[in-house]
Each structure stands twice: as structure tokens, then as C-alpha cells.
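Chemist: from the sequence below, what's the structure:
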Amino acid sequence: MQLSIIFVNYQSEDLLLNCFRSIYQYTTGLDFECIVVDNKYQAGANEAILQEFPATQWIDLGYNAGFSKANNAGLAAAKAPHVLFMNADTLVTDNAIGKAYQYLIEKPDLAAVGAIQVDSTGKPIPYYRTLNDIRIDLYILPNIPTWKRFVYNCFPKFVPEQSYETNNLVGFFLMTSKEVIRKVGAWDEDFFMYAEDAEWCTRLIKAGKLVYFEDIRVTHLLGHNPFRRAKTSWVNRFSVQIQVSNLLWIRKSYGLGAYFLILLNYAAIVPLFWTWKILLNLLKMRHWKHNTENQVLFTQKTRMLFRYFWQTVFLQKKSYQIKAAENIQ
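Modeler: Next comes the predicted model:
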């Protein structure tokens, strides 16, 4: 056995079946196993997968443990020395898995290999190339390139030796080895969903290079997700779960100062955002509360983030999963 491919399932059996078919059709020259960790097992829902691919190892966790904990459960069951963490909503259209494995084996300086995301038409899906790209996007700043450049220059630079190097691999397809994981640790189980891959990359890169190669492209079928469906505006572009997870990552990887700075940014924006809108309404002879839905939403979301303040400051060991009532849209 050379490679264990680990999937986290949450009512995505139809997607998994198509994913498995693509893997077994196109992956060659590689002895691999597939492990599914189910966060919401429903009896019989996996029947078609197990009938067509009976060698699949199916693990029922019995509850929704979140992405990190489920991945670690799959890792514990993996037989191979190399592991690929892969989303259920993916498809391969060539031997991308085999190529990624060869790169990892042939280049001992690599810690992990990712894949370039493409949509169903083969068009690349935008992603954060570096961790600094994520960090700057967490701030609520004027949507002006000059401001972004200024803030970006305040962060320590990531300077790759080769164009294919990065310090941020998207967790939808991430291949590494058990030896690397032994050195840096497994997925951080405090993360329920989102930002766990960014946090892991801050540790993985200590064991070697993180890379994207142009010839490793995997289709990612991004679909409906209740945590992503937030009203869109520049200020309200993130959901509560995404921000709780991102702030936890910032606290863990960059310290209290970086964490406080982002929260201070949000706290300062609330009165500024309201003042701007109220003055604009009064100047236009409208009621002061006219069309303030964005202001209300941002205020509510910021209040929710501060509910997790002390837990995050002291890095309380727990699953940072927001409650259903906190998923404000």
C-alpha cells in the first residue's frame, strides 16, 4: 500500500460515488486505499459506494465531529505511509493523484503537495496563493488597492525559491506523508470548519516546501453550504463560522497582537459604518434608519465574534463550532 486517500462525508454520498469513479478510472501506477469518515451516517446511504468499491473503509463517527477531527480519524486508520486528504465534491480527469505522489516521492524537500482548483469547465477557481493574502482579506478596509498594498507590506514576506512554492495549500486536496505529520502534528481539532488548512500549513512548512504544480489540476464542485450563504457586501462578506475559525487561526499562528488588531478593526468599523449611513440618510432627507440592513447585520456578526473572545484569547481546548442561532445571514 502506497497511499491512503481520506474523505470526510456529510450527506455527500452521491458526490463521493462520482469522485470514486473518477479516481479509479484515472489513477494509475499506484496502490491506494480509500477511507471515508462519516460525520452524519445514514444507514443504506453508502450502499451504492460499497457495492461498487467494496474495499472502501467506512468509519461512522456517530456525530458531526467537524473536518479536522474526522480527518484525524481517517489518518489513524490509514495503512499507507503517504496520505491524501481530499474533498467529496471533487473529480479527477487525469492521473493527478499519481503525479502528485511521484512529486512527493521524487523531491525529498517537499512536505506537501496541493492541486490547482478548477471548475466543471476546467477554468481555474480563484484561491489565496499565500497566507498573507488571507490575512489582509480578514480586515475590513476601504476597497482601494493602495490601502491593500500598504497593509500587505506590513506583513512578513513569503519569498519562494521557485514559482510553484507557496505557504498555503487549500485543504480540498492535500497530500503529505505520515513522517511529516509525525514531525509537525496532525490536524488541529479545535477547528470545526474553515481555516484548519491555513493553520496546518503554518506547521507543515516547517518540515519542507508546500507546492502547487501546474500539471496537477482537480475539479472542485463548489455547491451549497449553509455557512457560506451570507448576504454579500464588502463589509458583510464573511459568515460567522468562517470568521470565528479564521480568528482562531490568527490567534494560534500569529499571537495575541494580530488577533487583537483584527478585532479592533471590526469594533471600530461598527460606529463608523453607522455614522456614515445615518449622515447619508439625513443629507438625502430620509429616515435615519433607511436601508441600514448591512449595518445591522455587521453589528450582529461582530457581537457574535466577541462571544468567542475569551475562549480564543486563552485558546480554550474545544471545538469552535458556532451554534445554529449564531449563524446569522
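Chemist: now E326, nearest residue through space, not along the chain?
Modeler: Leaving out its chain neighbours, the residue that sits closest to E326 by Cβ to Cβ, 6 or more residues apart in numbering is M304, at 5.0 Å. For the C-beta atoms, the positions are set from N, CA and C on the backbone; glycine is no exception.
Chemist: kindly report the same for Y152.
Modeler: Y152's closest residue in space is I136 (Cβ to Cβ, 6+ apart), at 5.2 Å.
Chemist: make sure that neighbour is actually in contact with N153.
Modeler: No: look at I136 against N153 with Cβ atoms under 8 Å: they stay out of range, at 10.0 Å.
Chemist: which parts of the stretch 101-250 of the chain are strands?
Modeler: 110-114, 116-118, 165-166, 173-177, 209-211, 217-220 (DSSP state E, counting those that start in this stretch).
Chemist: who wins for proximity to M1 among the ones you listed?
Modeler: strand 173-177 (13.2 Å; Cβ to Cβ).
Chemist: what pairs with that closest one, parallel or antiparallel?
Modeler: Next to strand 173-177 in the sheet, as set by DSSP bridges, lie strand 82-86 (antiparallel), strand 110-114 (antiparallel).
Chemist: pull the CA atoms of it into PDB?
Modeler: Extracted in PDB, the C-alpha atoms of strand 173-177 (Å, rounded to 0.1, in the frame of the first residue of the first chain):
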ATOM      1  CA  PHE A 173      -6.700  18.200  -2.000                       C
ATOM      2  CA  LEU A 174      -3.600  17.900   0.200                       C
ATOM      3  CA  MET A 175      -1.100  15.100   0.000                       C
ATOM      4  CA  THR A 176       1.700  14.600   2.600                       C
ATOM      5  CA  SER A 177       3.300  11.800   4.500                       C
END
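Chemist: ok, Y212 to F238 distance?
Modeler: 24 Å (Cβ to Cβ, to the nearest Å).
Chemist: now do V296
Modeler: For V296 relative to F238 (Cβ to Cβ), the value is 16 Å.
Chemist: ditto for G257
Modeler: G257 is 21 Å from F238, by Cβ to Cβ.
Chemist: higher neighbour count, these two?
Modeler: F238 (19 against 9; other Cβ atoms under 10 Å).
Chemist: is it possible to get a markdown table of the strands paired with strand 173-177 that adds mean pLDDT, distance to H287 and mean neighbour count?
Modeler: A markdown table is the format used below for the strands paired with strand 173-177 (pLDDT from 0 to 100; distance: least, Cβ to Cβ, whole Å; neighbours: other Cβ atoms under 10 Å):
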| stretch | mean pLDDT | distance to H287 | mean neighbour count |
| --- | --- | --- | --- |
| strand 82-86 | 98 | 52 | 24 |
| strand 110-114 | 98 | 51 | 25 |
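Chemist: any regions of the stretch 101-250 of the chain where pLDDT drops low?
Modeler: In the predicted model of the stretch 101-250 of the chain, residues 223-232 satisfy pLDDT under 70.
Chemist: in it, which spans are helices?
Modeler: 131-138, 145-152, 178-184, 196-204, 240-254 (DSSP state H, counting those that start in this stretch).
Chemist: quick check: K183 touching L204?
Modeler: No: here K183 does not reach L204: they are 9.2 Å apart, not a contact under Cβ under 8 Å.
Chemist: quick check: nearest residue in space to A100, chain neighbours excluded?
Modeler: Nearest one to A100, counting by Cβ to Cβ, 6+ apart, is V113 at 4.5 Å.
Chemist: go through the strands paired with strand 173-177 and name the closest to N281.
Modeler: From the strands paired with strand 173-177, taking Cβ to Cβ, the stretch that ends up closest is strand 110-114, at 46.9 Å.
Chemist: and the residue nearest to E326, what is it in contact with?
Modeler: Residues in contact with M304 (Cβ atoms under 8 Å, 6 or more residues apart in numbering) are 240, 244, 322, 326, 328.
Chemist: need the max-distance pair from the residues you listed.
Modeler: V244 and I328 (11.7 Å).
Chemist: pick out whichever of those two has more residues nearby.
Modeler: V244 (26 against 17).
Chemist: verify the stated contact: that one with K301.
Modeler: No: contact criterion Cβ under 8 Å: V244 and K301 do not qualify, at 10.1 Å.
Chemist: what are the phi and psi angles of S4?
Modeler: phi -110, psi 120 (degrees, to the nearest 10).
Chemist: can you name the residues that contact it?
Modeler: Contacts of S4 (Cβ under 8 Å, 6+ apart): 32-33, 35, 74, 77-80, 82-84.
Chemist: not counting residues beside it along the chain, what's closest to it?
Modeler: Excluding its sequence neighbours, the residue lying closest to S4 (Cβ to Cβ, 6+ apart) is A78, at 3.5 Å.
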